[in-house]
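[1] My questions concern the predicted model and sequence given below.
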Amino acid sequence: MIVNTAAYHFVSIADAEALAARLLERAQALELRGTLLVAGEGINLFLAGGSEGIEAFYAELKADERFAGMRVKHSHSRMQPFARLKAKVKQEIISFRRDDGQPLEYPRAPAVAPATLRRWLRQGHDDDGRRVVMLDTRNEQEFAHGTFAGALTLPIARFTDLPAALEPHRAGLADATVVSFCTGGIRCEKAALWMRNDGMDNVLQLDGGILGYFEDVGGEGYEGRCFVFDERVALDPQLQPLVDAATP
């Protein structure tokens with residue numbers, strides 16, 4: 001059985017090139033595959049392999065105090081969903097190109113835990129009686145596989161398109177509690193931060209994204225599957241893949 005992981009962490013990294021090389025070397029030694037993204041603002045990891053290798057990799061990574069608080073989301077499959085292992089050093093671990101949406105420059109936007117969100121969706125409002133609007137920050141290809149019931153989806157092809165696509169909806173969201181969500185938390189974290197800095201003080205982010213929601217509370221309130229960026233294509237609320245043929 002293959003263990004699949006997704007993790008990110010925003011933290012200042014002065015040694016991005018050296019860190020990427022070190023992580024790549026260690027992942028290779030542990031026979032892991034996937035993608036390691038490193039930037040001055042943090043790391044974004046998608047790794048899969050045997051349970052012992054995965055456990056060893058993240059134990060060593062979290063021994064670095066910069067990453068001690070990083071959440072790692074897990075799922076399992078029979079197949080290895082990545083063809084190879086690669087490491088990249090980038091300007092941002094997820095490209096947004098907004099100075100007012102940079103997590104190292106501002107306090108983290110408030111988050112809502114999956115269990116709390118599930119309760120709000122059940123009761124039809126938040127704890128202050130405000131209606132809840134789920135805002136999907138993913139692109140059209142992704143939310144075509146599934147999204148939260150009644151979510152606001154936007155006609156975007158890439159994350160950088162979100163600010164312009166959201167503009168026509170802003171006035172209509174003023175009376176709601178808006179919950180920004182995405183696959184694993186990274187885009188909705190940047191989006192929520194930008195929106196709050198741009199005057200939308202009624203925005204929260206879903207802690208851990210869709211995968212964190214599935215892992216913590218299941219799929220209540222979600223319709224369909226969650227697109228993922230590997231050969232599994234999409235995961236259902238039980239974190240089972242759409243494609244899961246055993247590796248030859």
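    That came through, no problem. Residues are numbered from 1 along each chain as shown.

[2] Now do the lengthiest helix in the chain: distance to the chain's middle.
    The residue-count maximum for a helix in the chain (DSSP state H) belongs to helix 16-29. Helix 16-29 sits 22 Å away from the centroid of its parent chain (Cα atoms, centre = their mean, to the nearest Å).

[3] just stretch 194-209 next, same as before
    Relative to the centre of its chain, stretch 194-209 is centred 15 Å away, using Cα atoms, centre = their mean.

[4] Could you check which helix or strand contains residue 192?
    helix 186-197 (DSSP states H and E).

[5] Give me the next element, helix or strand, following that helix.
    strand 203-206.

[6] about what we covered before: buried sites along the longest helix of the chain?
    For helix 16-29, burial by neighbour count (16 or more other Cβ atoms under 10 Å) applies to 16, 19-20, 22-24, 26-27. (Each C-beta comes from the backbone N, C-alpha and C, glycine too.)

[7] Toward the C-terminus from that helix, list the very next helix or strand.
    Going down the chain from helix 16-29, the next helix or strand is strand 33-39, by DSSP H and E.

[8] quick one, what contacts the most centrally placed residue in the chain?
    By Cα atoms, centre = their mean, the chain has its centre lying nearest to residue 184, at 1.8 Å. Contact analysis of residue 184 by Cβ atoms under 8 Å, 6 or more residues apart in numbering lists 6-8, 73, 208-212.

[9] same thing with residue 42?
    So residue 42 contacts 8-11, 13, 93, 103-104 (Cβ under 8 Å, 6+ apart).

[10] rewinding a little: please narrow the contacts of residue 184 to those residing in helices.
    209-212.

[11] Please indicate which of those residues has the highest neighbour count?
    residue 210 (30 neighbours; other Cβ atoms under 10 Å).

[12] wait, isn't it in contact with residue 224?
    No - using Cβ atoms under 8 Å, residue 210 is not in contact with residue 224; the gap is 10.5 Å.

[13] low-scoring pLDDT stretches of this structure, where are they?
    Counting by pLDDT under 70, the ranges of the chain that qualify are 245-248.

[14] Let me see the ranges of the helices in it.
    Under DSSP H, the chain gives helices at 16-29, 51-62, 114-123, 140-143, 162-166, 186-197, 209-217.

[15] Residue 212 and residue 189 touch, don't they?
    No - assessed by Cβ under 8 Å, residue 212 is found out of contact with residue 189, at 11.6 Å.

[16] rewinding a little: so which of the ones in helices among the contacts of residue 184 would you say is closest to residue 152?
    residue 210 (14.9 Å; Cβ to Cβ).

[17] who are the neighbours in contact with that closest one?
    181-184, 222, 226.

[18] nearest spatial neighbour of residue 35, skipping sequence neighbours?
    residue 46 (4.8 Å; Cβ to Cβ, 6 or more residues apart in numbering).

[19] Counting neighbours, what do you get for the one you found?
    Neighbourhood size, residue 46 [other Cβ under 10 Å]: 20.

[20] what's across from it in the sheet?
    Residues in a beta bridge with residue 46, per DSSP bridges, are residue 6, residue 35.

[21] Pretty sure residue 5 is one of the things it touches, is it not?
    Yes - the pair residue 46 / residue 5 is scored as a contact, 7.3 Å apart, by Cβ under 8 Å.

[22] Find the residues that touch each one of the two.
    residue 34.
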